[in-house]
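Undergrad: I'll drop the sequence and a predicted model, then ask my questions.
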Amino acid sequence: MTITATQAAGPVDVTVNETVNETVHLLPQTRQLRALHTVIRDRHADLGRFVTTSGRIIRQLIETALDLLPYEPVDVQTPVGETYHGLRPAKPICGVPVVRAGESMEHELRAVSPGVRIGKILIQRDKVTKLPRLYYSALPADIDRHSVLLLDPMLATGGTALAAVEVLLDHGVAEDDIVFVALLSAPEGIAAVHARHPNLRIVTSAIEERLNENAYMIPGIGDFGDRYFGTDVPR
Ligand code: PRP
Ligand code: URA
């Protein structure tokens, strides 16, 4: 299906279906989520509010992504001596934030799942060409046995996401075992990722209208990393 509109610009009283297609999982566009987006998209949001509010959205993204992973049956005994037929993750989970902005998501993953392993991939977009450059990666040696949550709040041109996915595939991770988690996504970025990896799952809280001439999303949020870490202050 074609991904079109920006849900961020849609009417407030409409809850958009959470699944845009089988591979793009858009969070339900509730009024509360829209209110959280309103805080972080405001250019005047101060650092504290930006961090706290984006964290609340990221938490929802992480919970949704965890639900896409495989689970297996497990029975537990309840305190009243009965059996509860439950589920547990079928594979160990590894979170891989793309440094720097992706580290904003690591904390939220650890908060809900303290036992996860964490790998790191450092990729930066060139300030002029906007092309991604891979500087460094540190991943668990057995990452190919894990379900991997690839964490980057911004999916713009898709260049960074594609470079990060290549690193994971080079380490033996199966495409089916990767869920890419992004706070904002551009249609161009989703299309670029799916042109090369049609089945790669993406969880996002907003699909933007498009990219501007500087490869920033619009309506967008500006430079997420600068805003989250407070490095956007003029001298
Ligand atoms: C931003 C963002 C993504 C990337 C997305 O990172 O966090 O990693 O751009 O853009 P793309 O889809 O066009 O590749 P940036 O390189 O600005 O570094 P930062 O994490 O230090 O902000
Ligand atoms: N990176 C960001 O931080 N914001 C964008 O809009 C695009 C890339």
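TA: That came in fine, so what should we check first? Ligands and ions are numbered 1, 2, ... in the order given.
Undergrad: show me the contacts for residue 93.
TA: Taking Cβ atoms under 8 Å, 6 or more residues apart in numbering as the criterion, residue 93 is in contact with 66, 69, 113, 116-117, 146-149. C-beta here means a position set from N, CA and C on the backbone, and glycine is covered the same way.
Undergrad: And the buried ones among those, selectable in ChimeraX?
TA: This is how ChimeraX selects the buried members of the contacts of residue 93, with burial counted by 16 or more other Cβ atoms under 10 Å:
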select :66,69,116,146,147,148,149
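Undergrad: Okay, and which of the contacts of residue 93 map to strands?
TA: Using DSSP state E, the subset of the contacts of residue 93 located in strands is 117, 147-149.
Undergrad: Name the residue closest to the centre of the protein, please.
TA: The centre of the chain sits closest to residue 181, judged by Cα atoms, centre = their mean, with a distance of 1.9 Å.
Undergrad: on that earlier part again, from the contacts of residue 93, pick the one nearest residue 167.
TA: When the contacts of residue 93 are ranked by distance to residue 167 (Cβ to Cβ), residue 148 comes first, at 10.6 Å.
Undergrad: wait, isn't the closest one in contact with residue 175?
TA: No. With contact defined as Cβ atoms under 8 Å, residue 148 does not reach residue 175; the gap is 10.1 Å.
Undergrad: just to revisit the earlier point, how about the backbone phi and psi for the residue nearest to the centre of the chain?
TA: Backbone torsions for residue 181, taken as degrees, to the nearest 10, come to phi -120, psi 120.
Undergrad: which ones are touching it?
TA: Each residue near residue 181 by Cβ under 8 Å, 6+ apart is listed here: 61-62, 65, 105, 149-152, 202-204.
Undergrad: Bridged to it, which residues?
TA: Bridge pairing for residue 181 (DSSP bridges) gives the partners residue 151, residue 203.
Undergrad: and residue 112, how many neighbours?
TA: Close neighbours of residue 112, defined as other Cβ atoms under 10 Å, add up to 11.
Undergrad: Over to residue 70?
TA: 11.
Undergrad: now the closest residue to it other than its chain neighbours: how far from ligand 1?
TA: Of all residues beyond its chain neighbours, the one nearest residue 70 is residue 90 (4.0 Å), with distances taken as Cβ to Cβ, 6 or more residues apart in numbering. As judged by Cβ to the nearest ligand atom, to the nearest Å, residue 90 and ligand 1 stand 29 Å apart.
Undergrad: from what I can see residue 90 touches residue 71, true?
TA: Yes. Using Cβ under 8 Å, residue 90 is in contact with residue 71, at 5.8 Å.
Undergrad: ok, back up a step: can you tell me which of the contacts of residue 181 lies closest to ligand 1?
TA: Taking Cβ to the nearest ligand atom as the measure, residue 152 is the one of the contacts of residue 181 closest to ligand 1, at 4.7 Å.
Undergrad: Now the closest one: phi and psi?
TA: Backbone torsions of residue 152, given as degrees, to the nearest 10, read phi -150, psi 120.
Undergrad: From ligand 2, how far off is it?
TA: Distance from residue 152 to ligand 2, by Cβ to the nearest ligand atom: 9 Å.
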